[in-house]
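Trainee: The following block contains a protein sequence and its predicted model.
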Amino acid sequence: MTNSVVDWYEAHANELESRYEDPSLTGLHDWFVDIIPEQPSLCLDIGAGTGRDAAWLASKGNEVVAVEPSAAMSTIGKRLHFHPRIRWESDRLPDLQNILKLNLSFDFILLSAVWMHLAPADRPRAFRKLIGLLKPGGFMAITLRHGPAEPERGIHPVALDEVEKLARSHGAIIERIVNAEDRLGRREVQWSQMVVRLPDDGTGALPLLRHIILNDAKSSTYKLALLRVVARIADSVSGMAWEDEDDHVAIPLGLAALFWVRAFKPLIEADLPQTPKNRGAQGLGFARKGFAALQPVSHLDLRIGVSFSGRTAYALHQALREAADTITRMPAHFMTYPNGGQIMKATRAGRIPASTVVTIDQPYLESFGKLRIPRNIWRALGRFNVWVEPALTAEWVRLMKGYARGQGRNLDDAAIAYAMSWADPARSVADASRRASDLIASGTPVYCVWSGSRLRKDGWDIDHCLPWSAWPCGDLWNLLPARRTINQVQKRDKLPSAAKLEKAQELIQNWWHSAYIIHGNKIISEQFYKEAKATLPSLPASEVPPPLEEVFRGVSWQRLRLKQDQQIPEWI
């Protein structure tokens, strides 16, 4: 959708408000109402306009992301149809850059009177993006406008067979076609209303992952390791990914190397073979001087935001460089499609000088280069990791046991299970608790973010806003002061509802500002922003700290993602 189209809607927003919000427009959704699942679904309304359709979807109990590129139109929509289950986002087809960064998948996508605004050359790209946003079994409703062109509005001719061909090329099914007259009384305009269904994941990602995990030839565990590393990054630090041309994302190669070292360190310490002849670190290309020198460092300490100095900093830098080299030359190079061609491509940076102080943050990790990943693989690993990882780890264990038998030894199942369990961060609230305790002792007001009551010396806890049981995250932004009875009795392991979180926004931001920005030291302030940018979607990767309003938006998006991916019970 071009700027001129958006400009037209900006100029005519008030006129369109009365037209789109006409009370006589009843039954607009009858043609697709039966395809939306009865349970609350996640819906995407692209070209949401004044919010009429988004409000209808939300009234059915659904969570709705309303996408509208015109600021004037979205302002009207927020005024007329404010609802805690509607989240507005400024974005447009064919790019949808902001929506793609959120790493969300949708049960239902609506494009009402939008397709005609896309130039024919942009439509294949737009359709690829849309299919990639649908969940398996999800539906997309599209309305096609037939009638005279209106050049000032950027309206292009449309055709049913064009959309049908695009659907077939992506393994989608045309579920329904309904012809309709124009509801605004224009005799020269007619509509085709289509429902597109995605029977599987539709992108080929899951069959490809099954092929790599179960059928692809392997002389080591490296391919499985790279898949697990990318899946873990997609799940826990997706904020470090960025768009890399159409249909690809990129992550810092140093980040992949960091997770690689974290994954292999306990396996090597347990003497679990990673190749037919491997024992300990012997024969593993990445386990050289740097890796050996990291022996005193726990793999649990290899996480975003941590700083190292002296010999440890040098050892870490060398270990990451060696791991990045191995990833580039081995699994990224040899992990290919069935008919040939690399799936992931690692690009190394030039020689990176070692330093006496290393802070594990995005600029440092990007200095090693980048790992480019097809979007369908990235989304599938993040979306279906709960199913992919067990199959992946089971195959990894099978390989290690086979290698061990070839060496004349048997492996202990308990030792394997312990070493293969992913090293989640320790559940510590010490820093946040210390900040709250110090502020209360000094007389600075600290409030329960959920009730608004002022906290005293006793009777308060530090609550994980997004529950630890669902998503082990001990980042500072996720640690909030709360009354003990609320934390331990009312909220417990539930996810705050959209309305609950929105109501607490001011108190949450005030806590962040007081605990980490104003009264905190420089180190804890930097830690707060680094963690937020690494783990929360939609935050910019720039050196300038984002406004706290943007951090809160990131928390809201992550809440929505957890609700949809894991169906966590809500605290309402």
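Mentor: Great, that's in hand. Residues are numbered from 1 along each chain as shown.
Trainee: ok, so what distance separates the closest residue to residue 491 other than its chain neighbours from residue 311?
Mentor: Sequence neighbours aside, residue 571 is the residue nearest to residue 491 in space, at 4.9 Å (criterion: CB to CB, 6 or more residues apart in numbering). Heads up, the C-betas are built off the backbone N, CA and C, glycines and all. Computed as CB to CB, to the nearest Å, the residue 571 to residue 311 distance reads 47 Å.
Trainee: okay, and for the stretch 51-200 of the chain, where does confidence drop off?
Mentor: Scanning the stretch 51-200 of the chain with the threshold set as pLDDT under 70 gives 200.
Trainee: got the residue ranges for the strands in it?
Mentor: 63-67, 86-89, 106-111, 134-146, 173-181, 190-197 (DSSP state E, counting those that start in this stretch).
Trainee: hang on, residue 334 packs against residue 226?
Mentor: No - between residue 334 and residue 226 there is no contact under CB atoms under 8 Å: 10.0 Å.
Trainee: who's more crowded, residue 571 and residue 311?
Mentor: Between residue 571 and residue 311, counted using other CB atoms under 10 Å, residue 571 has the larger neighbour count: 17 against 11.
Trainee: The more buried one reaches residue 489, doesn't it?
Mentor: No - using CB under 8 Å, residue 571 is not in contact with residue 489; the gap is 11.0 Å.
Trainee: picking that back up, comparing residue 334 and residue 226, which residue is more hemmed in?
Mentor: residue 226 (26 against 16).
Trainee: Can you list the low-confidence ranges for the stretch 401-550 of the chain?
Mentor: Using pLDDT under 70, the flagged stretches of the stretch 401-550 of the chain are 423-427, 541.
Trainee: Wasn't residue 15 part of a helix?
Mentor: Yes - the assignment for residue 15 is a helix, going by DSSP: H, G, I helix; E, B strand; the rest coil.
Trainee: Would you mind measuring from it to residue 326?
Mentor: From residue 15 to residue 326 the distance is 61 Å (CB to CB).
Trainee: how many neighbours does the residue nearest to residue 329 when sequence neighbours are not counted have?
Mentor: With CB to CB, 6+ apart as the measure, residue 285 is the residue that lies nearest to residue 329, at 7.6 Å, once sequence neighbours are left out. A count of neighbours around residue 285, defined by other CB under 10 Å, yields 15.
Trainee: Check residue 141 too.
Mentor: 25.
Trainee: what residues are up against it?
Mentor: Counting by CB atoms under 8 Å, 6 or more residues apart in numbering, residue 141 makes contact with 31, 32, 35, 108, 109, 110, 111, 112, 193, 194, 195, 196.
Trainee: same question, residue 322
Mentor: The contact partners of residue 322, by CB under 8 Å, 6+ apart, come to 285, 286, 287, 288, 289, 290, 291.
Trainee: Go ahead and confirm the fifth one touches residue 316.
Mentor: Just to be clear, that refers to residue 289. No - judged on CB under 8 Å, residue 289 makes no contact with residue 316 at a distance of 11.9 Å.
Trainee: Those two - which one has more neighbours?
Mentor: Neighbours per residue, other CB under 10 Å: of residue 289 and residue 316, the larger number sits with residue 316, 24 against 12.
Trainee: nearest to residue 383, of the contacts of residue 322?
Mentor: Closest approach to residue 383 among the contacts of residue 322 (CB to CB): residue 286, at 28.7 Å.
Trainee: Near the closest one, how many other residues are there?
Mentor: Count around residue 286 with other CB under 10 Å applied: 25.
Trainee: Check residue 403 too.
Mentor: Residue 403 - counted by other CB under 10 Å - has 21 other residues nearby.
Trainee: list the contacts for it?
Mentor: Residues near residue 403 by CB under 8 Å, 6+ apart: 273, 274, 275, 276, 278.
Trainee: now do residue 407
Mentor: Residues counted as contacts of residue 407 (CB under 8 Å, 6+ apart) are 273, 276, 277, 279.
Trainee: Farthest-apart pair in those residues, please.
Mentor: Longest span within those, CB to CB: 276 and 279, 10.8 Å.
Trainee: When these two are compared, which one has more neighbours?
Mentor: residue 279 (17 against 14).
Trainee: does that one have beta-bridge partners, and which?
Mentor: Beta-bridge partners for residue 279, by DSSP bridges, are residue 282.
Trainee: isn't it right next to residue 270, touching?
Mentor: No - using CB under 8 Å, residue 279 makes no contact with residue 270, being 11.5 Å away.
Trainee: so where's the longest helix in the chain?
Mentor: Looking across the chain with DSSP state H, the single longest helix is helix 385-406.
Trainee: Quick check: buried residues in that one?
Mentor: Within helix 385-406, the residues that count as buried by 16 or more other CB atoms under 10 Å are 385, 388-389, 392-393, 395-397, 399-401, 403-404.
Trainee: quick check, nearest of the residues you listed to residue 57?
Mentor: residue 385 (27.7 Å).
Trainee: Work out for me the element the nearest residue to the closest one once chain neighbours are set aside sits within.
Mentor: Spatial nearest neighbour of residue 385, excluding adjacent residues (CB to CB, 6+ apart): residue 231 at 4.7 Å. Counting by DSSP states H and E, the element that carries residue 231 is helix 222-236.
Trainee: same check, this time on residue 217
Mentor: Residue 217 belongs to no helix or strand, assigned by DSSP H and E.
Trainee: Local confidence estimate at it?
Mentor: At residue 217, the pLDDT value in this model is 74.
Trainee: Ok, the one 4 residues further on next?
Mentor: Listed pLDDT for residue 221 reads 96.
Trainee: Determine the number of other residues adjacent to it.
Mentor: As a burial measure, residue 221 scores 25 neighbours (other CB under 10 Å).
Trainee: Next up, the contacts around the closest residue to it other than its chain neighbours.
Mentor: In this structure, residue 221 finds its nearest non-sequential neighbour in residue 274, 4.7 Å apart by CB to CB, 6+ apart. By CB under 8 Å, 6+ apart, the residues touching residue 274 are 220, 221, 222, 264, 267, 268, 284, 400, 403.
Trainee: Show me which of those residues is closest to residue 513.
Mentor: residue 264 (40.2 Å).
Trainee: how near is the closest one to residue 319?
Mentor: Distance, residue 264 to residue 319, by CB to CB: 10 Å.
Trainee: For these two, list the residues in contact with both.
Mentor: Contact criterion CB under 8 Å, 6+ apart; residues shared by residue 264 and residue 319: residue 286.
Trainee: before we move on, the earlier item: could you tell me which of the contacts of residue 322 are located in strands?
Mentor: For the contacts of residue 322, not one is inside strands, with DSSP state E as the criterion.
Trainee: So which of these belong to helices?
Mentor: 289, 290, 291.
Trainee: Quick one: neighbours of the last one, just the number.
Mentor: Right, the one you point to is residue 291. Here the number of neighbours of residue 291 (other CB under 10 Å) works out to 22.
Trainee: got it, and the second one?
Mentor: Other residues lying near residue 290 total 20 when counted by other CB under 10 Å.
Trainee: could you list every residue that touches the residue lying closest to residue 220 once chain neighbours are set aside?
Mentor: Nearest residue to residue 220, sequence neighbours excluded (CB to CB, 6+ apart): residue 275, at 4.5 Å. Contact analysis of residue 275 by CB under 8 Å, 6+ apart lists 219, 220, 221, 283, 284, 403.
Trainee: any chance of those in JSON lines, plus distance to residue 297?
Mentor: Converted to JSON lines, the contacts of residue 275 look like this (distance: CB to CB, whole Å):
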{"residue": "219", "distance to residue 297": "29"}
{"residue": "220", "distance to residue 297": "24"}
{"residue": "221", "distance to residue 297": "22"}
{"residue": "283", "distance to residue 297": "22"}
{"residue": "284", "distance to residue 297": "18"}
{"residue": "403", "distance to residue 297": "26"}
